[in-house]
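Colleague: Output the structure for:
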Amino acid sequence: MLIRHLAYFVTLAKERHFARAADACHITQPTLSAAIRKLEEDLGVPLVARGHRFTGLTPEGEKLLAWSRQILTDYQSLINDLAGARTGLVGELRFGVIPAAMPAVSFITARFCDANPGATVSIRSLTSRAIAEGLDAFELDGGLTYLENEPIENVRRVSLYRERYKLAVPANHKYARRKAVSWLEAAGEQLCLLSPDMQNRRIIDRLTSRIGLTVHPAIVSNSFLGVCAHVRQGGWASIVPHSFFHVLGQQPDIVAIDIVDPVHSEAIGLVISDREPRSPMAAALLAAAIDAGIEESFSSL
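Modeller: From the prediction side, this is the model:
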């Protein structure tokens with residue numbers, strides 16, 4: 001059984017189409033079909049439901065898919081580890097980050113790149129649930145996400161900072177000169193918030209519900225960029241993580257006000273798969289995250 005046959009099989013499962021999978025693997029369709037048949041012969045089980053077109057994997061194929069992802073990840077980790085021992089870490093770091101933590105990601109990637117100049121970094125904006133799925137499927141080396149609210153299982157966690165909340169309003173807003181507002185006052189504003197598929201929004205909904213409030217945003221978006229655009233336009237306010245003002249800085253037309261009564265915070269940190277041996281990419285990511293100084297950098301916000 002060849003490693004590349006497993007790679008072909010994983011690609012077929014992803015593309016769900018023989019011709020597209022062959023194109024993605026840069027081989028002919030007959031070569032792909034022959035590789036899948038060879039896997040079936042070696043393992044003695046059918047892997048693909050046969051028909052005029054791809055219709056899915058057999059139960060045995062689903063089991064092989066999980067094993068193949070792990071084997072391919074371990075094989076690439078071996079290659080990276082051996083190469084890293086000679087010339088330093090190379091390859092691609094695959095990093096999933098929730099939208100709320102995007103202002104913090106550069107603290108980690110800057111340290112990673114300094115320590116591993118031969119490596120590249122691919123950052124994907126994902127929900128916390130997608131990060132969990134990506135780690136389970138060996139499609140991510142690590143994630144930056146919430147640690148205590150809806151925690152991800154079977155991972156090592158490293159807390160990096162605590163997210164606090166601010167009411168973002170236009171500079172001419174009635175609260176613009178206030179240092180703090182209550183959650184009751186914030187919930188009563190014309191709000192633009194993240195959509196409920198984002199954990200940041202679910203945290204806000206859960207917190208306000210616990211203190212007897214309900215938020216009814218006029219506009220929802222799955223992007224903080226869309227949220228900030230509406231605040232800048234005027235007519236809307238938003239509840240955003242304090243970390244966003246590390247990126248936005250002092251803006252003449254947007255004011256950030258602390259939300260109190262109660263003051264609330266959520267732990268955000270790094271998650272990597274809890275398995276040994278740890279992949280070189282995950283180990284290097286962990287080393288970059290530890291002592292990154294994010295909490296200290298955000299303390300004045």
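Colleague: which residues of the stretch 51-200 of the chain fall in helices?
Modeller: Listed in chain order, the helices of the stretch 51-200 of the chain (DSSP state H, counting those that start in this stretch) span 59-87, 105-115, 128-136, 183-187, 199-210.
Colleague: so which of those gets nearest Tyr161?
Modeller: With distances scored as Cβ to Cβ, the stretch of those nearest to Tyr161 is helix 105-115 (9.2 Å). Quick note: C-beta positions are derived from backbone N, CA and C, even for glycine.
Colleague: what mean pLDDT does the closest one have?
Modeller: Helix 105-115 shows a mean pLDDT of 95 in the predicted model.
Colleague: What of stretch 207-216?
Modeller: 94.
Colleague: now the end-to-end length of that stretch.
Modeller: End-to-end distance of stretch 207-216 (Cα to Cα, to the nearest Å): 14 Å.
Colleague: pretty sure Pro99 contacts Asn200?
Modeller: Yes - proximity of Pro99 to Asn200 meets the contact threshold set by Cβ atoms under 8 Å, at 7.1 Å.
Colleague: what is in contact with these two at once?
Modeller: Leu194 (Cβ atoms under 8 Å, 6 or more residues apart in numbering).
Colleague: Among the helices of the stretch 51-200 of the chain, which one carries the weakest average confidence?
Modeller: helix 59-87 (a mean of 80).
Colleague: Now do Ser77 against Ala24, distance only.
Modeller: 22 Å (Cβ to Cβ, to the nearest Å).
Colleague: quick one on the thing from earlier: which one of Pro99 and Asn200 is surrounded by more residues?
Modeller: Asn200 (25 against 21; other Cβ atoms under 10 Å).
Colleague: The more buried one: what's it in contact with?
Modeller: Contacts of Asn200 by Cβ under 8 Å, 6+ apart are Ile98, Pro99, Ala100, Leu194, Pro241.
Colleague: and if you look at Ile204?
Modeller: Contacts of Ile204 by Cβ under 8 Å, 6+ apart are Tyr165, Leu193, Val215, Ile239.
Colleague: can we see that at 7 Å?
Modeller: Leu193, Val215, Ile239 (Cβ atoms under 7 Å, 6 or more residues apart in numbering).
Colleague: Could you find the closest non-adjacent residue to the first one?
Modeller: If the residues on either side of it in the chain are set aside, Leu193 comes closest to Pro217, at 4.2 Å by Cβ to Cβ, 6 or more residues apart in numbering.
Colleague: Now the phi/psi pair for the one you found, please.
Modeller: phi -60, psi 140 (degrees, to the nearest 10).
Colleague: and it, how many neighbours?
Modeller: Counted with other Cβ under 10 Å, Pro217 comes out at 22.
Colleague: Just list the residues touching it, thanks.
Modeller: Leu191, Cys192, Leu193.
Colleague: my guess is Asp23 is in a helix, correct?
Modeller: Yes - counting by DSSP: H, G, I helix; E, B strand; the rest coil, Asp23 is located in a helix.
Colleague: Burial check on it, number of neighbours?
Modeller: 15.
Colleague: so what's it up against?
Modeller: Contacts of Asp23 by Cβ under 7 Å, 6+ apart: none found.
Colleague: ditto for Gln70
Modeller: By Cβ under 7 Å, 6+ apart, the neighbours of Gln70 are Phe138.
Colleague: do you know how far it is from Leu12?
Modeller: 17 Å.
Colleague: Check Asp258 too.
Modeller: Applying Cβ to Cβ to Asp258 and Leu12 gives a distance of 53 Å.
Colleague: again, but for Pro277
Modeller: Pro277 is 28 Å from Leu12, by Cβ to Cβ.
Colleague: Between these two, point out the one with more neighbours.
Modeller: Between Pro277 and Leu12, counted using other Cβ under 10 Å, Leu12 has the larger neighbour count: 26 against 11.
Colleague: doesn't the more buried one fall inside a helix?
Modeller: Yes - counting by three-state DSSP, Leu12 is located in a helix.
Colleague: Please verify my assumption that it contacts Arg20.
Modeller: No - Leu12 is not in contact with Arg20 according to Cβ atoms under 7 Å; the separation is 8.9 Å.
Colleague: pLDDT at Arg232, what is it?
Modeller: For Arg232, pLDDT reads 86.
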